[in-house]
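A.B. asks: quick one, structure for this:
(chains A and B)
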Amino acid sequence: MSLSFLILALLTLGGAVAAMTLHRLVHCVLALTVALAGLAGLYLNLGAQFVGLAQILVYVGAVAILIVFAVLLTRGAEIASQMDSSRQGRFSALAGGVATAAAVFAVLAWVVLHSPTLSAPAATMTQVAPQAAMQQIGDALMRRYVLPLEVMGLMLTAALIGAVILALEEKPEAQ
Amino acid sequence: METGFWLFLLISIIKILVVVVILLTAVAYTVLLERKVVGRIQNRWGPSRVGPFGLLQPLADGAKLFLKEDLIPESVYRPLYILAPIIALSCALMSIAVVPFGAPVMWHGVNLFQITDVNIGLLVILGITSVGVYGIALSGWSSNNKYSLLGALRASAQVISYELALGLAVVGVVMRTGSLSLKDIVSVQATHGLLSWNFFGGFQFVAFFIYLIAAYAETNRAPFDLPEAESELTAGYHTEYSSMKFAMFFMAEYANMITVSCVATLLFFGGWSSPFGNLIPAVGGVVVQALLPVFWFVLKVFFFLFLYIWVRGTLPRFRYDQLMGLGWKFLVPVAIANIVVTSFWMALRAR
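C.D. replies: Residues are numbered from 1 along each chain as shown, chains lettered A, B, ... in the order given. Below is the predicted model of the structure:
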């Protein structure tokens, strides 16, 4: 474990913990941003430049800023978030969180254990130049994983149409 | 090995210092240029008293901003209020690190005209610019002022919307080059001078205009300067800032303008390559050969900065719904169409 990995891992974990435990909503969002940026740092630390910067561009630069935007729009930013402090509420929240985390962890662990790089001997693993890595990602997305990509696109289109319908003003004469 | 490392470190530090000093000077003089040019457009002189032709005006402005009292209003949320201008300025200054200013000249294994050559330089610039929004959003929220908050909301919505069009506009150029490295993007355009620039020879002029419009919106400049529309929002997100904290936002805005101009030059106008290509035989010694590309680069960047100011002096401000309509209903579809047409064209040529 190198020092840079240790720092980045602590940053990511610290950000994630702070995002769950802090009371002011804005602090939570900023802590989440730190966690996402730490993750990007971990990718960069592993030499995955494209993935790392895509993480910054998409998650730090767009997703988290959208959450900030939502927080700015609501008044929740000024009042300490009113958490459900009853025993029942806390317990169900905890159970839901643990179940989700376990499910995500199980899927990730399954993927890691079944990835071909793990079974290959260490000597055959070579560092790929970032440029070539990017082309490989494109190649894999367009050939081997084209079906999952299309399914993802379909899902996003459906989400987009749903959002448009939600935001659409209903005209009185339409009824 | 050991001395090589120290030499690399020393050269890198010198490069960073030189670039930052030049960038900040350029920022100061872009402000003067703007005041002068907008003055002439509005049929007045602009600053003319300090030094010859008002050339020392930036110094006077800087001294004034330094000596002003640094007020922190009582009701602001302090940590974020102080953090916001720092984020804005540091993001604005960071992205210049991957910009190549001239043809690569190696000296002891270090490229003299680029701080660092990252293989995915374009992505680095896009990523860092997208983080810069935090400065604006947090300043507006932490100021606890409705004008600031509205300005910050406008700014962040605008930047997120136009980032999409900007990113899509750049894809055509990246496809033509097959690389995200800014150095490669320029070297592809350097062969036949003017004719091989992406703007002319690459048929990326549609992409260029989308990029330019989106970049103007991203830097919150006229005609998209709604976040600081003085007639509606006093000064927008930096209403509550004074002295150097205000100056940091101001410098961040102009540094971003310079970065945008640099990227426009690199992506669409051949970067440091001369408009005559190899038609004119090389002149001068080694030093002239090394400095000539920098001259072309600076000339092109200057043109784009002038264009910024020209546009500000001529076009009225958009209305907010017009701004969103233009971004989502016009720029994004046209940018996607540009990608489709470019890829068809490339596929046909590859046959």
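A.B. asks: of all of chain B, which residue lies closest to chain A?
C.D. replies: With Cβ to the nearest Cβ, the shortest gap between chain B and chain A falls at residue B:130, namely 2.7 Å. (Each C-beta comes from the backbone N, C-alpha and C, glycine too.)
A.B. asks: what sits against the residue nearest to that residue when sequence neighbours are not counted?
C.D. replies: Using Cβ to Cβ, 6 or more residues apart in numbering or on different chains and skipping the chain neighbours, the partner closest in space to residue B:130 is residue A:61 (2.7 Å). Counting by Cβ atoms under 8 Å, 6 or more residues apart in numbering or on different chains, residue A:61 touches B:127, B:130, B:131, B:133, B:163.
A.B. asks: residue contacts, the residue nearest to residue B:314 when sequence neighbours are not counted?
C.D. replies: Nearest residue to residue B:314, sequence neighbours excluded (Cβ to Cβ, 6+ apart): residue B:41, at 7.0 Å. Taking Cβ under 8 Å, 6+ apart, we find residue B:41 in contact with B:310, B:313, B:314.
A.B. asks: what's the pLDDT at residue 169?
C.D. replies: If you meant another chain, say so; for now it's chain A. Residue A:169 is assigned 74 on the pLDDT scale.
A.B. asks: try chain B instead
C.D. replies: Note for residue B:169: predicted pLDDT of 88.
A.B. asks: any idea how far the helix or strand encompassing it is from the chain center?
C.D. replies: Following DSSP states H and E, the helix or strand that holds residue B:169 is helix B:146-177. In terms of Cα atoms, centre = their mean, to the nearest Å, the centre of helix B:146-177 is found 13 Å from the chain centre.
A.B. asks: after the lowest-mean-pLDDT helix or strand in chain A, next one along is what?
C.D. replies: Using mean pLDDT, DSSP states H and E, the weakest-scoring helix or strand in chain A turns out to be helix A:116-119, at a mean of 64. As assigned by DSSP H and E, the chain's next helix or strand after helix A:116-119 is helix A:130-142.
A.B. asks: count of residues packed around residue 100?
C.D. replies: The chain I'm using is chain A. Applying other Cβ atoms under 10 Å in any protein chain shown, we find 10 residues neighbouring residue A:100.
A.B. asks: my question was about chain B, not that one.
C.D. replies: So residue B:100, with other Cβ under 10 Å, has 26 neighbours.
A.B. asks: you'd agree it is in a strand?
C.D. replies: No: counting by DSSP: H, G, I helix; E, B strand; the rest coil, residue B:100 is not part of a strand but coil.
A.B. asks: neighbours around the residue lying closest to it once chain neighbours are set aside, how many?
C.D. replies: Counting by Cβ to Cβ, 6+ apart, the nearest residue to residue B:100 once its immediate chain neighbours are dropped is residue B:114, at 4.1 Å. Residue B:114: 22 surrounding residues under other Cβ under 10 Å.
A.B. asks: residue B:114: what secondary structure?
C.D. replies: Strictly by three-state DSSP, residue B:114 counts as coil.
A.B. asks: before we move on, what about the one 4 residues further on?
C.D. replies: Remark: residue B:118 carries the secondary structure label coil [criterion: three-state DSSP].
A.B. asks: for it, grab phi and psi.
C.D. replies: Per-residue torsions, residue B:118: phi -90, psi 140 (degrees, to the nearest 10).
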